[in-house]
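Colleague: I'd like to go over a predicted model; first the sequence, then the structure.
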Protein chains: 2
Amino acid sequence: MNIGTVAKSTGVSAKTIRYYESIGLIPNAARAGNGYRDYGGNDVETLRFIKRARALGFSVEDVGSLLSLWHDKTRASGDVKAVALKHIEAVEERIHELESIRDTLKHLTQCCQGDERPDCPILEGLAGLGGTVETSKTQKKSCCG
Amino acid sequence: MNIGTVAKSTGVSAKTIRYYESIGLIPNAARAGNGYRDYGGNDVETLRFIKRARALGFSVEDVGSLLSLWHDKTRASGDVKAVALKHIEAVEERIHELESIRDTLKHLTQCCQGDERPDCPILEGLAGLGGTVETSKTQKKSCCG
DNA sequence: CTTGACCTTCCCTTCATGGGAAGGTTTATG
DNA sequence: CATAAACCTTCCCATGAAGGGAAGGTCAAG
């Protein structure tokens, strides 16, 4: 199978497949007589695995660990679970950060008339006047009360 | 004021201040006789504005727009609000993505014993067996029922 | 035999910084 | 006064995870 075929059947672009090979995430592909990379069914499975793990937000480095565990038939499932749990923690932390940002932004925009006049609590908030824009651990003061 | 002083009083590193200057986000700094950048109070205010906007997740490009509006005393507050609302939308979309990822990960990890045995629903899920790892718009099938 | 669709390697771009080298300046100390 | 530490300058390189595109080789169809 040529790289383009694999790209189509895995959803991983040819460019990205070559990139994964270059950083050692996947082994060097076999080569056909013409120098083209030549893939088999296992390669497609591996790339689908990678694709799913990346879609779940695992870093390429973590995907490497997961791939090793996947190939290691004597692995302990606890090792896999540890990687996943750590990632869940990171995802949840990021969610909280974004929620805090969203709340602050919503507060500022609700205070803003949004008309043709120049008075703008959003800019005032960013400039540090009449309230705080801190996104965590700090109480938000009213900017329009 | 030297760049180091400004860095300390704004929380923006000297490196980053120079970067902002190089991309035109802030104007070229005045120079003292020795060639050092020389800053005044307005520069500190501007950098604090930038710092707050970045903390709210605005891209540097958006921060540029916000700075222009901030300096434009005849701006319409609606223009500012539009930038903010668009950003809120992006933030909310990202939150939903991450929540979906988190839910899928939690589901997989709850199915995994996490002991010394090799059987692992997490890896099976990533490999595409017995369930789906899709993170949106697709129903999740049970992987351990 | 030519056209177009592949494939190859190679280098540049993104985004928002950080690291560190090589060299000039200023300040504090012995 | 000499020297060392702590600044500052510009310059290029690295990050993560790819994408863009050039220059050139290969292959299948018409």
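Modeller: Happy to help now that I have it.
Colleague: Do a quick rundown of the strands in chain A.
Modeller: A:30-31, A:37-38 (DSSP state E).
Colleague: Name the residues that touch the first one?
Modeller: Spelled out, that is strand A:30-31. If you take CB atoms under 8 Å, 6 or more residues apart in numbering or on different chains as the criterion, strand A:30-31 is touched by A:37-40. Quick note: C-beta positions are derived from backbone N, CA and C, even for glycine.
Colleague: List buried residues within these.
Modeller: A:37-39 (16 or more other CB atoms under 10 Å in any protein chain shown).
Colleague: so which of these comes closest to B:L47?
Modeller: Nearest to B:L47 among these is A:R37, at 49.2 Å by CB to CB.
Colleague: Now tabulate the buried ones among the contacts of strand A:30-31 in a markdown table and tack on distance to B:C120 and pLDDT.
Modeller: Formatted as a markdown table, those follow (distance: CB to CB, whole Å; pLDDT from 0 to 100):
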| residue | distance to B:C120 | pLDDT |
| --- | --- | --- |
| A:R37 | 30 | 97 |
| A:D38 | 31 | 97 |
| A:Y39 | 26 | 97 |
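Colleague: circling back to that earlier point, can I get the strands of chain A in a markdown table with distance to A:P121?
Modeller: Formatted as a markdown table, the strands of chain A follow (distance: least, CB to CB, whole Å):
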| stretch | distance to A:P121 |
| --- | --- |
| strand A:30-31 | 62 |
| strand A:37-38 | 57 |
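Colleague: now check the helix ranked longest in chain A, is it near chain B?
Modeller: Assignment by DSSP state H gives helix A:77-111 as the longest helix of chain A. Yes - residues of helix A:77-111 are located near chain B by CB under 8 Å from any CB of the partner chain, namely A:77-78, A:80-82, A:84-85, A:87-88, A:91-92, A:94-95, A:98-99, A:101-102, A:104-106, A:108-109.
Colleague: Buried subset of the residues you listed as a ChimeraX selection?
Modeller: Those of these that count as buried under 16+ other CB under 10 Å are selected in ChimeraX with:
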select /A:77,80,81,84,85,87,88,91,94,95,98,99,101,102,104,105,108,109
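Colleague: And the pLDDT at the closest residue to A:S77 other than its chain neighbours?
Modeller: The shortest distance from A:S77 to any non-neighbouring residue, by CB to CB, 6 or more residues apart in numbering or on different chains, is to B:C120 (3.9 Å). B:C120 is assigned 95 on the pLDDT scale.
Colleague: Same question for A:L129.
Modeller: So, for A:L129, pLDDT stands at 65.
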